[in-house]
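Colleague: test case, fold it:
(one chain, ligands or ions: 1)
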Amino acid sequence: HGYFTFDPGFLATGSCESAITFIDGGKGVLLHRGYPIDELATQADYLEVCYMLLHGEAPDEETYAEFKDAITKHTMVHQGIHNFFNGFRRDAHPMAMLCAVTGALSSFYHHDLDIHDSEQRLRSAYRLVAKMPTIAAMAYKYSMGQPFVYPRNDLSYSENFLNMMFSVPAEEYQVNPIIAKAMDRIFTLHADHEQNASTSTVRLAGSSGANPYACIAAGVASLWGPAHGGANEACLRMLEKIGSVDKIPEYIEKAKDKDDPFRLMGFGHRVYKNFDPRATVMRDTCHEVLQELDIDDPLLDVAMELERIAREDEYFIEKKLYPNVDFYSGIILKAIGIPTSMFTVIFALSRTVGWVSHWHEMMSEENQKIGRPRQLYTGHTQRKFSPLKK
Ligand code: CMC
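Modeller: Reported below is the predicted structural model:
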């Protein structure tokens, strides 16, 4: 319309209308469909949250049972998907496998999909929510050189994931209820976060009419970076690098040094400038899990001490840098026995429901437009081309 706003990083640009998630970063508020995240994380389970994100309302008992049944029945992947894994190197990053195999789902499930039909969109959404844990666990099993474990319909969403991760033919994994609950909570706390980089990527990809499996693969790619979902992995790697409690002050100084690119991973957030409400719940869960498992790990001592020092340091207080959700989730996942390279994969499978909810919401808009930002051009002005042979 003749006006133009230059806003790199989209600090002040609203890209859509959405009724899914509300954040007040100043007050540390996060609501899904109006419900506070701490209430959901402690009183609901992940599938209830999935239902409300997708459908707008919390389910009643009957709807919940139907939804759970529908998700459970979609957890298997086409046998042909198994073949994709053989093409990957054993040491491939599981996010590389997740990204590729999620995109490949479109070659199995997309052919007859009408993205303008709400029911068909929801069916794809259910498929993605159901199959992501299966694919995630397959990526892990492949990297371990262990056989894939098929999903089990008698287990809950988080129990089934843990079983697919840790069962081996010689011995079935015995699910510890405290660990299953912590896993479920990690899924819930990552389920959605309005227009973050990966969700915006899914919306932008979907705005052209692309199929949902390809759009979610784009979301996985965007999430992978260390400034976003890759932070949980980067945080654990940082803790390993710090190594011992006596090295913490050195790294705190590095983080404060403007000439040093090092940042404390798992600290700070674009939107939360007070505290991250997800981190508060995650912190409690973290302590619960460590106590239950009676874990004595020097890395966890480093994490707890780093948190204490950073919380009292002027620089971090002044810049409002608090531990975010990924600081504690990494510690819990490590305690559960999940390898560092799987951390972002777990974020991705949890966030899938958020991505598909936003895609579904966008596709149901009457005047849905293709996303197409503008730019400030900084290249040459027009000049004469001189052909190569001259
Ligand atoms: N360690 C040290 N200094 C930091 C950190 C940090 N983790 N985060 C921000 N700062 C400083 C930064 O140097 C800047 O200082 P100055 O004002 O002197 O230039 C100031 O704080 C503001 O930082 P910014 O990069 O302009 O803030 P942003 O809103 O663009 O970035 C962030 C937010 C999350 C990318 C950033 O805080 C960061 O890189 N954190 C570490 C990575 C991380 O933990 N990411 C996970 C975010 S939560 C999960 C998710 O939702 O994806």
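
Colleague: show me the contacts for whichever residue of the chain sits closest to the ligand.
Modeller: Nearest residue of the chain to the ligand, counting by Cβ to the nearest ligand atom: residue 268, 2.4 Å away. All C-beta spots, glycine's among them, are computed from the backbone N, C-alpha and C. The contact partners of residue 268, by Cβ atoms under 8 Å, 6 or more residues apart in numbering, come to 319, 320, 321, 322, 324.

Colleague: how close does the nearest residue to residue 267 once chain neighbours are set aside get to residue 168?
Modeller: Using Cβ to Cβ, 6 or more residues apart in numbering and skipping residues adjacent in sequence, the residue nearest residue 267 is residue 321, 4.8 Å away. According to Cβ to Cβ, to the nearest Å, residue 321 and residue 168 sit 42 Å apart.

Colleague: which one of these two has more residues nearby?
Modeller: Comparing residue 321 with residue 168 by neighbour count (other Cβ atoms under 10 Å), the higher total belongs to residue 321, at 20 against 12.

Colleague: list the residues that contact the more buried one.
Modeller: So residue 321 contacts 264, 267, 268, 310, 315 (Cβ under 8 Å, 6+ apart).

Colleague: between those, which has the least confident prediction?
Modeller: Taking these together, the minimum pLDDT is found at residue 310 (85).

Colleague: would you map out the domains in this structure?
Modeller: The chain breaks down into these domains under automatic domain parsing: 21-217+346-363, 231-336.

Colleague: which of the ones you listed comes out lowest on mean pLDDT?
Modeller: Among the domains of the chain, domain 231-336 scores lowest, with a mean of 89.

Colleague: and that domain, how far out from the chain middle?
Modeller: 18 Å (Cα atoms, centre = their mean, to the nearest Å).

Colleague: now the strands for this structure?
Modeller: Ranges of strands in the chain, per DSSP state E, are 21-24, 29-32, 35-36.

Colleague: distance of residue 224 from residue 341?
Modeller: Taking Cβ to Cβ, one finds residue 224 at 11 Å from residue 341.

Colleague: so for the two, which residues contact both of them?
Modeller: residue 95.

Colleague: winner for burial among the strands of the chain?
Modeller: Ranked by mean neighbour count under mean count of other Cβ atoms under 10 Å, those are led by strand 29-32, which reaches a mean of 20.

Colleague: sheet-wise, list the partners of that strand with their directions.
Modeller: strand 21-24 (antiparallel), strand 35-36 (antiparallel) (DSSP bridges).

Colleague: coming back round to it: dump the strands of the chain to JSON lines, plus distance to residue 55.
Modeller: Output for the strands of the chain, formatted as JSON lines (distance: least, Cβ to Cβ, whole Å):
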{"stretch": "strand 21-24", "distance to residue 55": "14"}
{"stretch": "strand 29-32", "distance to residue 55": "12"}
{"stretch": "strand 35-36", "distance to residue 55": "13"}
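
Colleague: quick one: closest of the ones you listed to residue 360.
Modeller: For the strands of the chain, proximity to residue 360 was assessed by Cβ to Cβ; strand 21-24 is nearest, at 13.7 Å.

Colleague: what does the closest one rub up against?
Modeller: 29-34, 53, 192-194, 271-272, 354.

Colleague: recalculate using a threshold of 10 Å.
Modeller: 29-37, 53, 191-196, 199, 269, 271-272, 274, 277, 354, 357-358 (Cβ atoms under 10 Å, 6 or more residues apart in numbering).

Colleague: which of those residues fall in helices?
Modeller: 37, 53, 199, 277, 354, 357, 358 (DSSP state H).

Colleague: which residue is the nearest non-sequential neighbour of the third one?
Modeller: So the one you mean is residue 199. residue 358 (5.3 Å).

Colleague: number of residues surrounding that neighbour?
Modeller: 26.

Colleague: so it sits against residue 121, correct?
Modeller: No: using Cβ atoms under 10 Å, residue 358 makes no contact with residue 121, being 11.7 Å away.

Colleague: overlap in contacts, these two.
Modeller: The overlap between the contact sets of residue 358 and residue 121 (Cβ under 10 Å, 6+ apart) is empty.

Colleague: between residue 224 and residue 341, which one's more packed in?
Modeller: Legend: neighbour count by other Cβ under 10 Å for residue 224 and residue 341, higher for residue 224 (21 against 18).

Colleague: pull the contacting residues for the residue nearest to the more buried one when sequence neighbours are not counted.
Modeller: In this structure, residue 224 finds its nearest non-sequential neighbour in residue 95, 4.9 Å apart by Cβ to Cβ, 6+ apart. By Cβ under 10 Å, 6+ apart, residue 95 lies in contact with 136, 139, 220-221, 223-224, 229-230, 233, 341-345, 347-348.

Colleague: flag every residue of the chain that's near the ligand.
Modeller: Contact residues (Cβ under 6 Å from any ligand atom) of the chain with the ligand: 193, 196, 227-229, 231, 255, 263-270, 319, 321, 324-326.

Colleague: out of the residues you listed, which are buried?
Modeller: Neighbour-count burial (16 or more other Cβ atoms under 10 Å) is assigned, among the residues of the chain next to the ligand, to 193, 196, 228-229, 231, 255, 263-269, 321, 324-326.

Colleague: filter the residues you listed down to the ones in helices?
Modeller: Using DSSP H, those in helices are 231, 255, 325, 326.

Colleague: which of those residues sits closest to residue 288?
Modeller: Set against residue 288, the nearest of those by Cβ to Cβ is residue 325 (16.0 Å).

Colleague: quick one: contacts for the closest residue to that closest one other than its chain neighbours?
Modeller: With Cβ to Cβ, 6+ apart as the criterion, residue 325 has its nearest non-adjacent residue at 4.0 Å, and that residue is residue 278. Contact analysis of residue 278 by Cβ under 10 Å, 6+ apart lists 28, 30, 37-38, 41, 185-186, 188-191, 193, 269, 272, 324-326, 328-329.
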